[in-house]
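Colleague: predicted structure and sequence below. I'll ask about it afterward.
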Amino acid sequence: MAIANILLVDDETPFRETMTRRLTKREFITSSASGGHEAIRLLEENDYIEVVVLDVKMPEMDGLETLKIIRQKFPLVEVIMPSGHATIESAIEGMKLGAFDYLIKPCDMEELISKVSEAAKKRKRHKEKIIEAQLKEITMRRI
Amino acid sequence: MKRRLYANLQKKLIFITLLVSFIPLISLSVVIYYQFAQVFKNKIEEQIEYRARVQSNAIELFLKERTAILLAMADTYTFDYLAEKNNLERTFQIMNRRVGGFIDLGLIDSAGRHVAYVGPYNLISLNYYLQPWFREVESKGVYVSDIFMGYRQIPHFVIALQRQENNRRWILRATIDSAVFENLVRAAQVGKSGDAFIINKEGFYQTRLRFKGEILSKALLDPTHFGEGTTVLEKENTDGKKILYAGSWLKKNSWLLVISQDASEEMTKLFKTKRIEIIIVVSGCLMIILTTILTTHLTIRRLETADRKMNELNAQLVHSDKLAALGKMAAGVAHEINNPLAVIAEKTGWMEDLLTEEDFQKSQHYEEYKKSLGKIEEHVERARKVIHGMLGFARRMEPHLEDVDINRVLNETITFLDSYARTNNIVIEKDLMPDLPIIASDHAKLQQVFLNLLTNAVDAIGKDGKIFLTSRIIDSEIVVSVWDNGPGIPKEYQSRVFEPFFTTKRSGKGTGLGLSVTHTIVRNMGGTIALDSKEGNGTTFTVSLPIVVPEKK
């Protein structure tokens, strides 16, 4: 079984492609998007996506805006925000808006993997709790 | 250029201040002086006029008294009685006893013969029939003569009167004592050069003068210049001196009593006042000049200082604006480089991933590939550090408190300058005290401080040298020192290195602001910066910063 389902969002195609390959090689199920709109669409189509790695600085819709929509529409999806040093404040702002964590670009693969894994675990725990609660509710109703 | 501007401004201020001070002062002094002089002159004229009037009255009275007593004697006694020498002598004694001032007394019959005579001269039996005064008495009855020589050949004047006694006419004549009369006239003279004399209407002296001029000689004054009653005139005498004359007519306008006075002698008091006034005005002017120069000087210096401070502030503002602009540019550039760098890092990572595949491991160049990728990663990391350093420097130019690790700031700053130093063959060594406390300070500003000090050290050395950087805790302060083995700073410049715009670098090379800005930043942080330098022995800048513990979040 895959470690986690990841959506990689970055406007820099070579970066996105290579990162996808490297994550796939490490047994992550990885899909990618070149911008915020595409990311939202993919999330809507694939509810198995657990973690979004979301670049802060992008044309059209930037990371923070995308994050706000994700938090609204897909509260169970965890978001990690890699950022250049110049946009570190935005990444921290992202944390305040509910992102799981941030990373400094160029990122260290091991660090990324560990953070993604943690995020996936958190998401799983969260989901399990929800399922548990739902089960309880069903049971209660039956009684 | 600036200095000339201030000098011109100073000159203008002084000129205007002096002008508005002097014009009223001097015009007031002049007006007051002339008013005073006029009043003084009027007073002198009044005085001399008064004296002339009073004295002429006195003389008139003198003559009237003598005429009256002579009249009384003539009315009392008969010709025959007076023709007796003894009787005439007694009469003469009575006259002198009553009023005095007679020198002789004579009785003359209608034919002009001197019938009887009492006096010091031998005038008996002389005939006066042809004398001018005899004719005057005959026509007027009572006559006071002008001065004349007569038979005695001595200047004198007489009072004569004619009496009619039973178809016989006779004349009683008395000579006035010139000494007594002249004393009376002289009584009006005052001062060292003042004079009092009488001239007749033809302009001949009737009394002796105090200094020059003989009796009966023609006077320099023209009596026609003097009007009715008492007149005051000012005329120049032969010496060119201004003389004040007061003339008063007497003896039925046939004599003029003249009182003369040297105007300058009388004006001495005025001249003294003038001198005092000049001294007061001059010292007042001097005081005004001094005060004006002093206050203007102070004002201009204040203005200059204020201007300089404003220029310094402006320059600092421009400097920080430049830094801020540079920061923004650096941030943009860093971001643009950061993205390709991330791609390179990823590609390298991917290649490393691929190298773990079995077929790659079999390649004879496997090790070579692995090493090269390692090198690429190493240099990507280096570039990343540089960019992060740049961003760290560029970010937040405004004062901002954050947790700062001084050693980290120093290391970052060294990274900036390392390659520049190395190209000039300058080694930067460091001895940083491990585990320095984290302080609440401004990372970017501290970086600017150390960057300025290090840049200065590198510039001071030029080529081939060493910079030594230390961090310590001394007396609960973090002390960072930057030593270089450059030529050192000459003693005369040492006190000025922290002044704005002071630079020893070539024109265009340094703004002279680096150390000034550094000084300001450190001071604003509550720290100090000190300089220790000996010519030929290098320079050490020591920055001491208080340990401000960050607030717990």
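Modeller: Okay, I see it.
Colleague: ok, the residue nearest in space to the middle of chain A to A:Thr20 distance?
Modeller: With distances taken as Cα atoms, centre = their mean, A:Val52 lies nearest the centre of chain A, 1.7 Å away. Distance, A:Val52 to A:Thr20, using Cβ to Cβ, to the nearest Å: 13 Å. The way it works is simple: take the backbone N, C-alpha and C, and place the C-beta from them, glycine included.
Colleague: same thing with A:Val51?
Modeller: For A:Val51 relative to A:Thr20 (Cβ to Cβ), the value is 13 Å.
Colleague: and what of B:Arg51?
Modeller: Computed as Cβ to Cβ, the B:Arg51 to A:Thr20 distance reads 135 Å.
Colleague: between the two, which is the more surrounded one?
Modeller: B:Arg51 (22 against 19; other Cβ atoms under 10 Å in any protein chain shown).
Colleague: tell me the helices and strands packed up against the helix or strand where the residue nearest to the centre of chain A lies.
Modeller: Assessed by DSSP states H and E, A:Val52 sits inside strand A:51-54. In terms of contacts (3 or more Cβ pairs under 8 Å, 6 or more residues apart in numbering or on different chains; DSSP states H and E), strand A:51-54 is packed against strand A:5-9, helix A:36-45, helix A:63-73, strand A:78-83, helix A:109-142.
Colleague: of all the ones you listed, which one is nearest chain B?
Modeller: Set against chain B and scored by Cβ to the nearest Cβ, these come closest in helix A:109-142, at 5.3 Å.
Colleague: how far off centre is the closest one?
Modeller: Helix A:109-142 has its C-alpha centroid displaced from the chain centroid by 14 Å (Cα atoms, centre = their mean, to the nearest Å).
Colleague: could you see whether chain B lies near it?
Modeller: Yes - applying Cβ under 8 Å from any Cβ of the partner chain, one finds helix A:109-142 touching chain B at A:Met109.
Colleague: so which bits of that helix are buried?
Modeller: Within helix A:109-142, the residues that count as buried by 16 or more other Cβ atoms under 10 Å in any protein chain shown are A:Met109, A:Leu112, A:Ile113, A:Lys115, A:Val116, A:Glu118, A:Ala119, A:Ala120, A:Arg123.
Colleague: could you report the neighbour count for B:Arg275?
Modeller: When neighbours are counted by other Cβ under 10 Å, B:Arg275 registers 10.
Colleague: what about it, helix or strand, and which?
Modeller: B:Arg275 belongs to helix B:268-355 when assigned by DSSP H and E.
Colleague: same for that helix, what does it pack against?
Modeller: helix A:13-25, helix B:2-76, helix B:366-394, helix B:514-524.
Colleague: could you tell me the angle between the second one and helix B:268-355?
Modeller: Which is helix B:2-76. With axes from the mean of the first three to the mean of the last three Cα atoms, to 10 degrees as the basis, helix B:2-76 and helix B:268-355 are set at 170 degrees to each other.
Colleague: and the helix or strand just after helix B:2-76, what does it pack against?
Modeller: As assigned by DSSP H and E, the chain's next helix or strand after helix B:2-76 is helix B:79-83. When contacts are defined as 3+ Cβ pairs under 8 Å, 6+ apart, helix B:79-83 packs onto helix B:85-98, strand B:102-109, strand B:114-118, strand B:168-176.
Colleague: okay, now the residue of chain A found nearest chain B: neighbour count?
Modeller: Relative to chain B, the nearest point of chain A is A:Pro106 (3.6 Å; Cβ to the nearest Cβ). If you count neighbours by other Cβ under 10 Å, A:Pro106 ends up with 26.
Colleague: tell me the mean pLDDT over the helix holding B:Arg275?
Modeller: Averaged over helix B:268-355, pLDDT sits at 85.
Colleague: just how off-centre is that helix within its chain?
Modeller: Distance, stretch centre to chain centre, for helix B:268-355: 34 Å (Cα atoms, centre = their mean).
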